[in-house]
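Visitor: Below are the sequence and a predicted model; questions follow.
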Amino acid sequence: MLSRIAQELFWLGRNVARAEHTARMLDGVFQASLQSAADSSRSGSAAVRLDWESIVAIMGAESESGNGSADVLRRMTLDQTEPASLISCVGRAREGARTVRDVVSAEMWEAINTTHLTLAESDVPGRFSMGPYSVFQYVRERSALFWGLTSRTMLRDEANAFLIAGGRIESADMVLRMLRVAMPAPEAVEGEAVADASLQDGQAQALLHAVGGFQAFRRAVPSPAHAGPVARFLLYERNYPDSVAASVDALHRALNNADDSPRRSEPVLRLSRLGADLDFRGRGASTDANLAETCELVQSELTLIDKDISERYFAGAMPAAGLVMA
Amino acid sequence: MAYGPELGGPFDEVFAPGAEPHPHTVSLARELAALGPQALAEAGHRRDAIFVQQGITFDASGEAGPVRDRPFPLDLVPRILPASEWDHIERGLAQRITALNRFIDDVYHEREIVRAGLVPWQLIVSRSHFARAVHGIRPPGGVYCHVAGCDLVKDSDGSWKVLEDNVRTPSGISYVLENRVAMTRLVPQFFRDYHVRPVDQYPQILAAALRAAAPSAEDEATIVVWTPGSMNSAYFEHSFIARQMGVELVEASDLVVRDDVVYMRTTAGLRRVHAIYRRLDDDFIDPLEFRPDSLLGVPGLIRAYRAGTVAIANAVGTGVADDKAIYHYVPEMIKFYLGEEPILDNVQTYLMADPKQLEYALSRRNELVFKPTNESGGKGVCIGPRTSSEALDSLAAVIRSKPEDWIAQELVNLSTVPTAGPDGVLAPRHVDLRPFAVFGETIKIVPGGLTRVAMVEGSMIVNSSQGGGSKDTWVLEEQDDAPLTTEALSSRVMSPTMPNLRYGSEWHGQQQQQQQQSPTARVDQTAATDLAAGSDDELPPQRQAFPTDGGLA
Amino acid sequence: MNYEIHYLTEYSYSDAVTDNLNALRVHPATTSSQRCDEFHVRLEPEARLQRHVDYYGTQVLEFGIAKPHDHLTIDVRARVVTSEPKQAPEADWDALLSESYIEVAGEFLLPLGDEPVALNHQLVDDVRGATPLATVHNLANIIADRFRYEPGATYVGSTVDDFLNAGAGVCQDFAHLGVVLLRRNGIAARYVSGYLFSTGAEQDDAAESVEVQTHAWVEALLPGDAENPEPVWVGIDPTNRKLAGETHVKIGHGRRYSDVPPTKGVYFGSAGAELTVAVTMTRLDAATSART
């Protein structure tokens, strides 16, 4: 298929996934922020830090000092001039979907288009200030609808593979970003005592809520929701669909299907190595010591994979930049 | 029925003066009467609901600013052309397009018509679409106008005339196909007594013509449709045609030229392209050859074209024949190249570059239509009888300052067809016709074409951005031409089948994005693409479903 | 005259670029007073050259470099023999209206579609002489009198209006204005691109080898005289106040610069480009004065 269309699908997947994770994250932090004043003063440096400042950092938005949390919340949700905001992600997804309308199913297009139109309605800011939850929930549900429709109505062809690949690489990336910002600094976790301190940390739960994996964690992991087990769960638990390992696996499968010759494909080979590496680390990881390092390593691998994908499949998506007459 | 065309007025294609239907429209008139205004209005509401739901809408400019998301205005009363009349049109168009094609070839090679003293060379080279870059390049098979859409009108004496020639990137075929499907769904009873020739073979005809032009073995040719992008107002039609032909819809960034060969960038690497159906103007296809200020297009495309490794449809440089000053000479071309008399006449045209004609036309400026030669889509057209004398005086000054850029034409009293108002009541409305011809190994013309209708009483403005609409255009099989006897009628009325109904598979189509107008760019993409660029001959279905072919007025 | 021309163009890109496509119009033309004996192009990185003759009769060399590269060298060498053109014919103004004149003039009599608005009629009238030939001589002097030669005052895409407003420019601007002024007087005119062997005032007249630049001048179509009635294209160099002679080596002509740019290219990539151009002309025969 055309590189441009494949790239458009890839970014459609990314933007939908990013919108969903942004909604989950903002929701999780908003809930935590309502009751976190006491916690944060108590938990010290080893605590999971998931506050408004972290959100801005995770989303890669410009930090605007002096603004209150309500402002950050509004900006990251409904500000169309903020490229990292929820509404911007949905808007980009919708523009992408429009370009590939002939490739995705009509239902998928309608799902994303309606989401965009609804968020742009004039009463949304009012509803948002009354209760942000309704907006976050709406975006989560619409995102689930989109992926559901994808699995039920879209031909499982190369186009589908690139859409899924985009969604999965974004999911993995977002979870890693959250972990890296929210996790205690590495030097602080080294001592046992400090790790104990994090046992009481209520904000690890906020992280789980943010990712949407609280119930799954509870059912899968017997230990309390402190930073270490939560991070391990989100990184390695293949049975949890939004873990980094599960996303990497799904990305690997998608590209394996899309590629003409996967055995000679740099991104496929790299993903295969990364999957094995995560597997190995997951089995050996009983302490938290190398978690931060692992996160960093996986994220840099994903960056390389993203670059490999661009080069192998989307080559030449750049514009011609120079015209010279002399 | 209060419908009654007047004697001496415009030709009505359904009812003769005195409100008697023409022989071939008896059945339609009966079905319309049986249906009644209320049911017709209801069918109209169903049509609007379906069109809005499916996004077959367009934006128009109203008096109170732009009007968005209007359902595409298909009038449910079809326009019927008897077989004999169509035969005449078909032969006339084939003749005309053959001559235009010969002219284009001649202009870029031997210039015989210039040497014969029939068309002045200075007129040709001063046309803005004269393409020096393709001087001496002869495309495969010598075919330049692969797709032609000449605009025809029917005068008050019932004769057909050519109003203008569109041989760059004529559009509207998607509406021809969509209209037919909609009609079979909404008013199947109208088809009952007719054998209507199908139109849905168009994509196959076009694909065959492109394959014939492609420099490759017939079955190996890779064809693409090239669109300026999704922001282009005719994007709907571009994607429609690509989908119907089952080929890729590409943008400039998808194509690259290496060693004089055109490729498209795919996820599996570069893939050779043999034929490009391009829907944008010459100016935007190769920055190395055209528009030095523009980076749009595919650098090196003309190089590949010159090397003969790729076919471009329509060929580069056809715009020279798509010019209103050149139009004046088409009857001469037919005589010169083909040695035949023109089957279809021009509308009487005056070249303002000629001082005598200029004075004559300006002295009759309140009766004539004035058109700039290098524009299309009705831009800059001035209709004498509908323009104030002050405005006409200032127009005269403009024309005098650059007479070579203007022509004047006699006003044609366009024929009318009954058209349903919002209440379902029929009234005569003016129409024109744009048939679509495809020049492959031979010239094939889809029966009928796009009929555009002025929805306002007396108006001859048929473009939908100003309230114009369209009609499904039926060309009948020969057996329908003869007037039906009462017995034949009754036997046909009982017929349980509806012959020749065709159900398109594309009705539940992907057209919805037409109504969307958000220019938000994806920030993740570094490509800065100018999507506004494109052909000025596009029929824009979105902001303006049809060009302001004010020439019709 | 016998010249060796060495035209070296070097692009240096700040980052790797790909799909670098170029069209060169650098090959000396063959005319009644000029012949090109040898012509070589060397490219670095190497690429296959395609040749064709364009609408105006100029030889065009095209090439494309697909693989990533961060520099491009175009090294052109040519040997040319020139001779002094024949005496320009003298005829009166009425001859411009003859059919044969108009036929040869073709499109070079027509407005370009971007006619300058800042042009005052006085200038058009001042150029007009007693005959077309006198007008041609006036043109060579008047433009040089009233406009300064000043590199940097205009750029490659400047219009005649820009030049009129700036009051200064380079040979390209002088030639563009010359074409307009001649056409306004009813004389067919075209823009010429080429090379000029010119030893500056401070240099020795007999210099063998000089650093020059690509040059631009004008050709006017003058009606023939009684002896030879065919109209003749006569070169005028308004930058140097003279008619074009054997020091002028023509590449080609067009309506304006953009019809005959020496190099024109497009590349793919986000890198910027730095351009250096060096044109060296060496006189191969006896060092007689090239000036007229």
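Guide: It's in.
Visitor: Every contact and neighbour count from this point should use C-alpha atoms.
Guide: OK.
Visitor: Next secondary structure element downstream of the one helix or strand B:Val398 maps to?
Guide: If you go by DSSP states H and E, B:Val398 is part of helix B:389-401. Counting by DSSP H and E, the element after helix B:389-401 in chain order, helix or strand, is strand B:406-409.
Visitor: So which elements touch the helix or strand that comes right after that next one?
Guide: For strand B:406-409, the following helix or strand on the C-terminal side (DSSP H and E) is strand B:416-420. The elements that strand B:416-420 packs onto, with contact taken as 3 or more Cα pairs under 8 Å, 6 or more residues apart in numbering or on different chains; DSSP states H and E, are helix B:26-54, strand B:74-81, strand B:426-434.
Visitor: Which among the ones you listed is found nearest to B:Ala242?
Guide: Judged by Cα to Cα, the one of these that comes nearest to B:Ala242 is helix B:26-54, at 18.9 Å.
Visitor: buried sites along the closest one?
Guide: For helix B:26-54, a neighbour-count test (16 or more other Cα atoms under 10 Å in any protein chain shown) marks B:26-29, B:31-32, B:35, B:37, B:40-41, B:43-44, B:47-48, B:50-52, B:54 as buried.
Visitor: Between strand B:416-420 and it, find me the angle.
Guide: Helix B:26-54 and strand B:416-420 are oriented at 50 degrees to each other (axes from the mean of the first three to the mean of the last three Cα atoms, to 10 degrees).
Visitor: Spell out whether helix B:26-54 and chain A are in contact.
Guide: No. Using Cα under 8 Å from any Cα of the partner chain, helix B:26-54 stays clear of chain A, coming no nearer than 9.9 Å.
Visitor: By mean pLDDT, show me the worst of the helices and strands packed on strand B:416-420.
Guide: Per-stretch mean pLDDT for these is lowest at helix B:26-54 (a mean of 87).
Visitor: Strand B:74-81 and that helix, what's the angle between them?
Guide: Computed by the same axes, to 10 degrees, the angle between helix B:26-54 and strand B:74-81 is 150 degrees.
Visitor: Point out the other helices and strands that helix B:26-54 packs with.
Guide: Other helices and strands packing on helix B:26-54, by 3+ Cα pairs under 8 Å, 6+ apart, are strand B:65-71, helix B:173-186, strand B:416-420.
Visitor: buried stuff in the longest strand along chain C?
Guide: If you go by DSSP state E, chain C has its longest strand at strand C:2-24. For strand C:2-24, a neighbour-count test (16+ other Cα under 10 Å) marks C:2-13, C:16-24 as buried.
Visitor: ok, then the element right after it?
Guide: Strand C:2-24 is succeeded, C-terminally, by strand C:34-44 (DSSP H and E).
Visitor: That following strand: which residues count as buried?
Guide: Applying 16+ other Cα under 10 Å to strand C:34-44 flags C:Gln34, C:Arg35, C:Cys36, C:Val41, C:Leu43 as buried.
Visitor: Verify the assumption that C:Arg51 is located in a strand.
Guide: Yes. Assessed by DSSP: H, G, I helix; E, B strand; the rest coil, C:Arg51 belongs to a strand.
Visitor: what about it, how many neighbours?
Guide: Using other Cα atoms under 10 Å in any protein chain shown, C:Arg51 has 13 neighbouring residues.
Visitor: And the pLDDT for it?
Guide: For C:Arg51, the predicted pLDDT is 94.
Visitor: Now do the longest helix anywhere in chain A: which elements does it pack against?
Guide: When chain A is parsed with DSSP state H, its longest helix is helix A:3-33. Under the contact definition 3+ Cα pairs under 8 Å, 6+ apart, helix A:3-33 sits against helix A:52-59, helix A:69-78, helix A:86-99, helix A:132-153, helix A:158-182, helix A:203-211, helix A:291-313, strand B:261-266.
Visitor: spatially speaking, which residue is in the middle of the chain?
Guide: By default, I'm working from chain A. A:Met174 (2.7 Å; Cα atoms, centre = their mean).
Visitor: that's the wrong chain, I meant chain C
Guide: Computing the C-alpha centroid of chain C and ranking residues by Cα atoms, centre = their mean puts C:Ser193 first, at 2.0 Å.
Visitor: pLDDT-wise, which helix or strand of chain C ranks last?
Guide: Least confident helix or strand of chain C, by mean pLDDT, DSSP states H and E, is strand C:209-212 with a mean of 85.
Visitor: Okay, buried residues for that strand please.
Guide: In terms of neighbour count (16+ other Cα under 10 Å), strand C:209-212 has its buried residues at C:Ser209, C:Val210, C:Val212.
Visitor: what's the answer for stretch B:273-283, then?
Guide: Neighbour counts over stretch B:273-283 (16+ other Cα under 10 Å) mark B:Val273, B:His274, B:Ala275, B:Ile276, B:Tyr277, B:Arg278, B:Arg279, B:Leu280, B:Asp281, B:Asp282, B:Asp283 as buried.
Visitor: Same question for stretch C:225-240.
Guide: Within stretch C:225-240, the residues scored as buried using 16+ other Cα under 10 Å are C:Asp225, C:Pro231, C:Val232, C:Trp233, C:Val234, C:Gly235, C:Ile236, C:Asp237, C:Pro238, C:Thr239, C:Asn240.
Visitor: Is it correct that B:Val256 is in contact with B:Thr266?
Guide: No. Between B:Val256 and B:Thr266 there is no contact under Cα atoms under 8 Å: 11.1 Å.
Visitor: more crowded one of those two?
Guide: Using other Cα under 10 Å, the more surrounded residue of B:Val256 and B:Thr266 is B:Val256, with 24 against 21.
Visitor: what helices or strands is the strand or helix carrying the more buried one leaning on?
Guide: In this structure, B:Val256 sits in strand B:255-258 according to DSSP H and E. Helices and strands touching strand B:255-258, by 3+ Cα pairs under 8 Å, 6+ apart, are strand B:261-266.
Visitor: The helix or strand that the strand it packs on is followed by - contacts with which helices or strands?
Guide: Once the chain leaves strand B:261-266, the next helix or strand it forms, by DSSP H and E, is strand B:269-272. When contacts are defined as 3+ Cα pairs under 8 Å, 6+ apart, strand B:269-272 packs onto strand B:261-266.
Visitor: Quick check: buried residues in stretch B:109-129?
Guide: B:Ile113, B:Val119, B:Trp121, B:Gln122, B:Leu123, B:Ile124, B:Val125, B:Ser126, B:Arg127, B:His129.
Visitor: quick one: that stretch near chain C?
Guide: Yes. Using Cα under 8 Å from any Cα, we find that stretch B:109-129 touches chain C at B:Trp121, B:Gln122, B:Val125, B:Ser126.
Visitor: Which ones among those lie within helices?
Guide: Using DSSP H, the residues of stretch B:109-129 next to chain C in helices are B:Trp121, B:Gln122, B:Val125.
Visitor: Which ones, among those, also lie beside chain A?
Guide: Applying Cα under 8 Å from any Cα to those, none is adjacent to chain A.
Visitor: which of these lies closest to A:Ala246?
Guide: Nearest to A:Ala246 among these is B:Val125, at 65.6 Å by Cα to Cα.
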